[in-house]
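Asks: Show me how the following folds:
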Amino acid sequence: MPKPAFDWALVPSFLAVLEAGSLLGAAKRLGMHQPTLSRHVAELEAQLGVPLFERTGRGVTPTAAALGIAEAARAMDDGAGLLTRALARQQQATQGTVRLSTSMVAATWLLPKVLAEFQAQEPGIAIELVASNALSNLLRREADIAVRMVRPAQTSLIARKLGDVPIVAAAHRSYLAQHGTPKTPGDLAQHRLIGQDQDDAILRGFAQMGLAVTREHFALRTDDQVAYGQLVAQGAGIGFVARYAMRHWPGVEVVLPSLPIPPLPCWLAVHREIRSNRVVRRVYDFLAEAVPAALIA
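Replies: Numbering: from 1, shown residues only. Just a heads-up that it's a prediction; the model follows:
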């Protein structure tokens with residue numbers, strides 16, 4: 001008949017009896033009933049196949065076998081304590097709340113999948129996602145971490161470049177089927193363009209390419225970046241969008257792929273002091289690894 005599997009949970013009972021010199025003293029130390037402790041010792045003796053204590057009128061005396069395994073048992077008990085403390089530290093490092101600031105486009109099209117993957121790995125860490133085009137001031141603790149398309153200027157911040165965000169001209173195939181596909185940059189002026197209202201970034205981009213495009217060339221104008229992307233996705237015209245967002249818009253295609261649109265740099269920023277926080281550091285490290293892959297996926 002095979003011996004039962006060794007029960008590591010019996011080791012603390014063995015050590016308590018060994019150190020107390022009696023079942024009663026060990027039971028008091030461990031806060032358990034003496035019959036329970038006596039049963040633990042008997043079970044351990046049965047598993048090892050040797051007696052561990054000799055009962056005397058004044059208590060118990062360890063046998064040679066008990067003394068022989070005492071050092072290993074103490075090492076095992078110390079290891080269990082180290083394991084418990086390590087687990088406690090790990091639990092503390094994976095519980096908390098981190099406030100993450102990013103643009104509306106990144107919050108809508110880039111980060112949701114990244115954050116879903118993070119939550120699957122770290123369910124104890126809550127993320128507060130601040131979707132705003134305003135640059136949150138990390139120095140004032142308006143956010144713990146920021147993912148931005150501009151490099152932070154403050155020297156007290158740690159900034160890490162995650163990659164470049166390709167910007168492309170794009171349109172839904174339904175629009176292209178009706179209005180044709182532009183063959184040269186100059187053809188864009190003959191198309192229904194989607195532009196920005198107050199922001200002149202697109203106009204400046206055309207000017208750098210030597211194209212005389214004015215605000216009036218844009219049939220639709222909005223500074224809401226999410227609405228802007230949806231206008232492109234619904235076939236309203238040709239717009240200029242982050243390439244990573246296109247995977248969410250079935251039917252949207254790149255037009256004029258050789259159009260020299262400068263990419264936007266993507267930066268991850270965190271305050272130097274906050275980065276020493278284990279929870280914030282865990283989120284920071286995850287984003288540093290996951291976002292670059294998401295930019296090119």
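Asks: C-alpha from now on. contacts and neighbour counts both.
Replies: Will do.
Asks: Can you give me the neighbour number for the residue nearest to Ala126 when sequence neighbours are not counted?
Replies: Leaving aside its chain neighbours, Ala126 sits nearest to Thr97 (4.6 Å; criterion: Cα to Cα, 6 or more residues apart in numbering). Neighbours of Thr97 under the rule other Cα atoms under 10 Å: 15.
Asks: Surely Thr97 touches Leu129?
Replies: No: contact criterion Cα atoms under 8 Å: Thr97 and Leu129 do not qualify, at 10.6 Å.
Asks: by contact count, what packs against the stretch of helix or strand Leu162 belongs to?
Replies: According to DSSP states H and E, Leu162 maps onto strand 157-165. On a contact count with 3 or more Cα pairs under 8 Å, 6 or more residues apart in numbering; DSSP states H and E, strand 157-165 meets strand 264-271, helix 278-296.
Asks: Show me what that strand is in contact with.
Replies: Contact partners of strand 157-165, identified using Cα atoms under 8 Å, 6 or more residues apart in numbering, comprise 138-139, 151-152, 242-244, 263-272, 288, 291-292, 295.
Asks: Any regions of the stretch 151-297 of the chain where pLDDT drops low?
Replies: Scanning the stretch 151-297 of the chain for pLDDT under 70 picks out 275, 297.
Asks: Quick check: pLDDT value at Gln91.
Replies: The score at Gln91 is 56. That number is its pLDDT.
Asks: got it, and Trp8?
Replies: Looking at Trp8, the pLDDT reads 75.
Asks: Now do it: how many residues are near it, please.
Replies: Neighbours of Trp8 (other Cα under 10 Å): 12.
Asks: Can you give me the separation between Leu15 and Ser38?
Replies: Going from Leu15 to Ser38 by Cα to Cα, to the nearest Å gives 13 Å.
Asks: Which of the three states applies to the closest residue to Leu188 other than its chain neighbours?
Replies: Nearest residue to Leu188, sequence neighbours excluded (Cα to Cα, 6+ apart): Pro182, at 6.2 Å. What DSSP: H, G, I helix; E, B strand; the rest coil gives for Pro182 is coil.
Asks: what sits against Pro182?
Replies: By Cα under 8 Å, 6+ apart, the neighbours of Pro182 are Leu188, Val255, Leu256.
Asks: And it, its phi and psi?
Replies: phi -60, psi 140 (degrees, to the nearest 10).
Asks: separation between it and Gln208?
Replies: Distance check for Pro182 against Gln208: by Cα to Cα, it reads 19 Å.
Asks: what's the answer for Ile202, then?
Replies: As defined by Cα to Cα, Ile202 lies at a distance of 10 Å from Gln208.
Asks: Same drill for these two, tell me which one is more crowded.
Replies: Taking neighbours as other Cα under 10 Å, Ile202 and Gln208 compare with Ile202 leading, 18 against 12.
Asks: And the helices in the stretch 1-150 of the chain, which stretches?
Replies: For the stretch 1-150 of the chain, the helices defined by DSSP state H, counting those that start in this stretch occupy 11-20, 23-30, 34-48, 64-93, 104-105, 111-121.
Asks: got those as TSV, with mean neighbour count and distance to Ile167 columns?
Replies: Below are the helices of the stretch 1-150 of the chain laid out as TSV (neighbours: other Cα atoms under 10 Å; distance: least, Cα to Cα, whole Å):
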stretch	mean neighbour count	distance to Ile167
helix 11-20	19	64
helix 23-30	18	67
helix 34-48	17	69
helix 64-93	13	37
helix 104-105	19	12
helix 111-121	15	17
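Asks: Phe218: which of these is closest?
Replies: Among the helices of the stretch 1-150 of the chain, the nearest to Phe218 by Cα to Cα is helix 104-105 (20.5 Å).
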